[in-house]
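Participant: here's a sequence, model it:
(2 chains)
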Amino acid sequence: MSGSLPKTIAEKILSRVATRDAKAGDLVIVPVSRVMVHDSVIDAVIAGLRDLGRERVWDTTKVAVFVDHAAPAPTPVVADSHRVLREWVRAQGIATFYDAGEGVCHQIMVEEGYCEPGTVIVGSDSHSNSYGAVGAFGAGMGATDIAVALALGRTWLRVPESIKVTFTGKPRKGVTMKDAIMRVVREIGTDGARYACVEFHGAGSLPQGDRITLAGMTTEMGAKAGIVVATPEAPNWLFPDRGAAYANEVTVDLSALEPQIAVPPRVDQVVDVSAAVGQPIDVVFLGSCTNGRLVDMRQAAAVLRGRRISPEVRLEVVPSSRRQYEDAMADGTLLSLSAAGAVIGSSGCGPCLGRTGGVLAGQEICLSTANRNYRGRMGSADASIFIGSPYVAAVAALTGVIDDPRPYLEASDAEFDDLVARRRAERAGRGAASVRSGDRSRELMVAAARSGVAAEIDD
Amino acid sequence: MARAWLFGDDLDTDQIVPGRYAPFMVGQDKFHTYAFCDARPEFAKAVRPGDVLVGGENFGCGSSREYAVAALAKHGIGGIVAKSFARIFFRNCINLGIPVLESDDALTVVHDGDAVTLDLSAGLLRAPAGDVRLRPLAPFAQEILAAGGVVAYLREHGDFPPVA
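Facilitator: Here you go, the predicted model:
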């Protein structure tokens, strides 16, 4: 390709797979290295294949199927759909199948090594951009596009323009890459990267989980793909050329970054946390492909310090995969979150899209670590969803309001308890205080032991 | 005569069909009856085949759920005219045979409830207050739409339309 113009990373990948010199704006037909399908669209995908007159997928070894969007099945209708999915997987002979409880498709696709850097992967989910965490061109598509890709092993793409996002500096304690990407969404807006590829510079050496947070959230700017440059997984040809043309460039100084909050009902309605302090919260969701990993659960546990969350707040923690779940179990993080009052859900999408787990009632206000706060996203259309980092989520669970997590991480134990007590006192009465199960039986056992009566309560 | 239904910027697919009313939650025969159930509760009962949706920027953003488009197809929507479309939604519409056309002016010329005519061959949306010019689609997309969607196209031709 000597003599061609300098290429963005998207142009480089698409030129390579299309075996022609492709530049932004060109239409290309390209092979896909893998197709990802999940439970939420399987009926339409199977119908699409049938309508195409193609009963078999083009290559059973390149198809990955997941049951994660409403899993385990919450209703008989969903259960029937899952049964149809399993029958289809068996009939096709697809080995890469992850049933309910294994985790969110995107987390597994990346952490289990299904995303080959420098290739095109299409998924039946809008957050398939996540595969750019390891340098793959991941694009979300609808069921019929997915059926066509399953039948042909190819898809059509318009080569996207690229937006260059550069991170400089290191975030201060209590500030995460979730805050960084929300800062970018604030800058670019929900459609500022429409049809484009967001190319991340200065993020290649971050942990894989942080890179998934970045790449996956590019969907919220309308992007076709989000690709992190210079990751450890990238082959040596996979880099944007010096002098490549970008439609827009954004630089974020991480060292000056405040925790960020997306205010309902828009993901790009983002403010510094200081502008949202005191906002009452009823429900906290810690999970999703954006922030459901061990590191996220550890950050929440670090804020909680073994204290109980507000008795009037419900905290639901949904690890993003069985591996993340087991790692958090093994190191005690899940136990400490449960002891704090969290409900631990089985790995999967959980309540992120309002189909299973703790869906929201009308008037309820949620702080979610996920990626969308549209009206009706997590249940009732009259619920509100704020989005923040796992640190912010933990503080909201602890106090019942949004607050800057940084003082909580720095405070002495006495200062910490004072901070929590003050915030809880400011919060107007909402919901009802829940007793934590286990408390009474333990008290009874202690009382029984004191009075010398043998305790049989534990049986 | 077709009726125009007006929407604003950033209409997301959760507004078109909320996730809780996905076909696999409520059944293949019912999900379309929840179209716009939160945003415009009267829509599903009042919409007629051929009606045209008119929107602003980033129409159809959010989830990749094709059933949002499938719900509109089941209602026989004649086309969607917006300032711009979210990319997955755009593809889904082409694939399912719903014309999606960009126009900067439609939202200012057309009023909700107007009687309109979508004239694809002339590239116009005809409304009481005047004609709105529509940006032509790429030939690739036009060929797929002309066949009635990508499934019909592939059944007939066996492969994608040629790219330039």
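
Participant: give me the nearest residue to whichever residue of the stretch 251-400 of chain A sits closest to chain B, chain neighbours excluded.
Facilitator: Taking Cβ to the nearest Cβ as the measure, the stretch 251-400 of chain A has residue A:381 as its residue closest to chain B, at 3.9 Å. All C-beta atoms are positioned from the backbone trio N, CA, C, and that covers glycine. Distance criterion Cβ to Cβ, 6 or more residues apart in numbering or on different chains; nearest residue to residue A:381, sequence neighbours excluded, is residue B:38 at 3.9 Å.

Participant: cool, and residue A:36?
Facilitator: Spatial nearest neighbour of residue A:36, excluding adjacent residues (Cβ to Cβ, 6+ apart): residue A:123 at 3.5 Å.

Participant: give me the neighbour count for the residue of the stretch 251-400 of chain A closest to chain B.
Facilitator: Other residues lying near residue A:381 total 19 when counted by other Cβ atoms under 10 Å in any protein chain shown.

Participant: run through the residues that contact it.
Facilitator: Shown in contact with residue A:381 (Cβ atoms under 8 Å, 6 or more residues apart in numbering or on different chains): A:362, A:375, B:18, B:38.

Participant: quick one: pLDDT of the closest residue to residue A:233 other than its chain neighbours?
Facilitator: Nearest non-adjacent residue to residue A:233, counting by Cβ to Cβ, 6+ apart: residue A:134, 4.2 Å away. We have a pLDDT of 98 for residue A:134.

Participant: list the contacts of residue A:134.
Facilitator: Residues near residue A:134 by Cβ under 8 Å, 6+ apart: A:110, A:115, A:117, A:208, A:211, A:228, A:231, A:233, A:234.

Participant: please apply the same query to residue A:384.
Facilitator: Listed by Cβ under 8 Å, 6+ apart, the contact set of residue A:384 reads A:264, A:265, A:364, A:365, A:366, A:373.

Participant: how would you label the first one: helix, strand or coil?
Facilitator: Pointing back at residue A:264 there. Judged by DSSP: H, G, I helix; E, B strand; the rest coil, the three-state class of residue A:264 is coil.

Participant: how much space between it and residue A:365?
Facilitator: 8 Å (Cβ to Cβ, to the nearest Å).

Participant: if I look at these two, which residues touch both of them?
Facilitator: Here residue A:264 and residue A:365 share the contacting residues A:384, A:385, A:386, scored by Cβ under 8 Å, 6+ apart.

Participant: mind putting those residues in JSON lines, secondary structure and pLDDT included?
Facilitator: JSON lines is the format used below for the shared contacts of residue A:264 and residue A:365 (DSSP: H, G, I helix; E, B strand; the rest coil; pLDDT from 0 to 100):
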{"residue": "A:384", "secondary structure": "strand", "pLDDT": "98"}
{"residue": "A:385", "secondary structure": "strand", "pLDDT": "98"}
{"residue": "A:386", "secondary structure": "strand", "pLDDT": "98"}
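
Participant: now do the contacts for residue A:93.
Facilitator: With contact set as Cβ under 8 Å, 6+ apart, residue A:93 has these partners: residue A:60.

Participant: pLDDT-wise, which helix or strand of chain B ranks last?
Facilitator: Lowest by mean pLDDT, DSSP states H and E among the helices and strands of chain B is helix B:23-26, with a mean of 81.

Participant: give me the next element, helix or strand, following it.
Facilitator: Next helix or strand after helix B:23-26 toward the C-terminus (DSSP states H and E): helix B:43-46.

Participant: does that following helix come close to chain A?
Facilitator: No - with Cβ under 8 Å from any Cβ of the partner chain as the measure, helix B:43-46 is seen stopping short of chain A, the closest distance being 14.1 Å.

Participant: I'd like the next helix or strand past that helix.
Facilitator: Assigned by DSSP H and E, the successor of helix B:43-46 is strand B:52-55.

Participant: name the helices or strands packed onto that next one?
Facilitator: The helices and strands touching strand B:52-55, judged by 3 or more Cβ pairs under 8 Å, 6 or more residues apart in numbering or on different chains; DSSP states H and E, are strand B:2-6, strand B:79-82, helix B:106-109.

Participant: CSV for the ones you listed, including mean pLDDT and mean neighbour count?
Facilitator: Supplementary listing: the helices and strands packed on strand B:52-55 in CSV, determined by pLDDT from 0 to 100; neighbours: other Cβ atoms under 10 Å in any protein chain shown:
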stretch, mean pLDDT, mean neighbour count
strand B:2-6, 97, 19
strand B:79-82, 98, 25
helix B:106-109, 96, 18
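
Participant: distance to residue A:36 added to these, as a markdown table?
Facilitator: Converted to a markdown table, the helices and strands packed on strand B:52-55 look like this (distance: least, Cβ to Cβ, whole Å):
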| stretch | distance to residue A:36 |
| --- | --- |
| strand B:2-6 | 34 |
| strand B:79-82 | 27 |
| helix B:106-109 | 36 |
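
Participant: so where's chain B uncertain?
Facilitator: For chain B, applying pLDDT under 70 flags the ranges B:164.

Participant: quick check: longest helix of it.
Facilitator: Ranked by residue count under DSSP state H, the longest helix found in chain B is helix B:87-96.

Participant: and the helix or strand just after that one with chain A, contact?
Facilitator: On the C-terminal side of helix B:87-96, the nearest following helix or strand under DSSP H and E is strand B:100-102. No - under the criterion of Cβ under 8 Å from any Cβ, chain A is not reached by strand B:100-102; the shortest gap measures 11.6 Å.

Participant: what does stretch B:81-90 give?
Facilitator: Yes - applying Cβ under 8 Å from any Cβ, one finds that stretch B:81-90 is in contact with chain A at B:84, B:86, B:87, B:88.

Participant: against residue B:103, how distant is the first one?
Facilitator: For residue B:84, the distance to residue B:103 under the criterion Cβ to Cβ works out to 10 Å.

Participant: quick one: distance of stretch A:16-26 to the chain centre.
Facilitator: In terms of Cα atoms, centre = their mean, to the nearest Å, the centre of stretch A:16-26 is found 30 Å from the chain centre.

Participant: so for it, what's the average pLDDT?
Facilitator: Taken as a whole, stretch A:16-26 carries a mean pLDDT of 96.

Participant: what comes up buried for that stretch?
Facilitator: Taking 16 or more other Cβ atoms under 10 Å in any protein chain shown as the neighbour-count basis, stretch A:16-26 is seen to contain the buried residues A:16, A:17, A:18, A:22, A:24, A:26.

Participant: same check on stretch A:306-324?
Facilitator: Quick answer for stretch A:306-324 (16+ other Cβ under 10 Å): A:307, A:309-310, A:312-324.

Participant: same thing with stretch A:370-386?
Facilitator: In stretch A:370-386, counting by 16+ other Cβ under 10 Å, buried: A:370-381, A:383-386.

Participant: one more: stretch A:192-208?
Facilitator: A:192-204, A:206, A:208.

Participant: closest to residue A:406 among those residues?
Facilitator: Taking Cβ to Cβ as the measure, residue A:206 is the one of the buried residues of stretch A:192-208 closest to residue A:406, at 20.3 Å.

Participant: contacting residues for the closest residue to that closest one other than its chain neighbours?
Facilitator: Nearest-residue entry for residue A:206: residue A:177, 6.5 Å, with adjacent residues in sequence omitted and distances by Cβ to Cβ, 6+ apart. If a contact means Cβ under 8 Å, 6+ apart, then residue A:177 has A:171, A:203, A:206, A:210, A:213, A:214 as its contacts.

Participant: neighbours of the residue nearest to the first one when sequence neighbours are not counted, how many?
Facilitator: What it means is residue A:171. Closest residue to residue A:171 apart from its sequence neighbours, by Cβ to Cβ, 6+ apart: residue A:254 at 4.4 Å. Here the neighbour count serves as a burial measure; for residue A:254 (other Cβ under 10 Å) it reads 19.

Participant: again with residue A:102
Facilitator: Burial of residue A:102, expressed as a neighbour count using other Cβ under 10 Å, amounts to 22.

Participant: gap between it and chain B?
Facilitator: 19 Å (Cβ to the nearest Cβ, to the nearest Å).

Participant: who touches stretch B:144-155?
Facilitator: Counting contacts by Cβ under 8 Å, 6+ apart, the residues outside stretch B:144-155 that touch it are A:48, A:51-53, A:144-145, A:147-148, A:151-152, B:94-97, B:99, B:137, B:143, B:156-157, B:160-161.

Participant: appreciated, that's everything.
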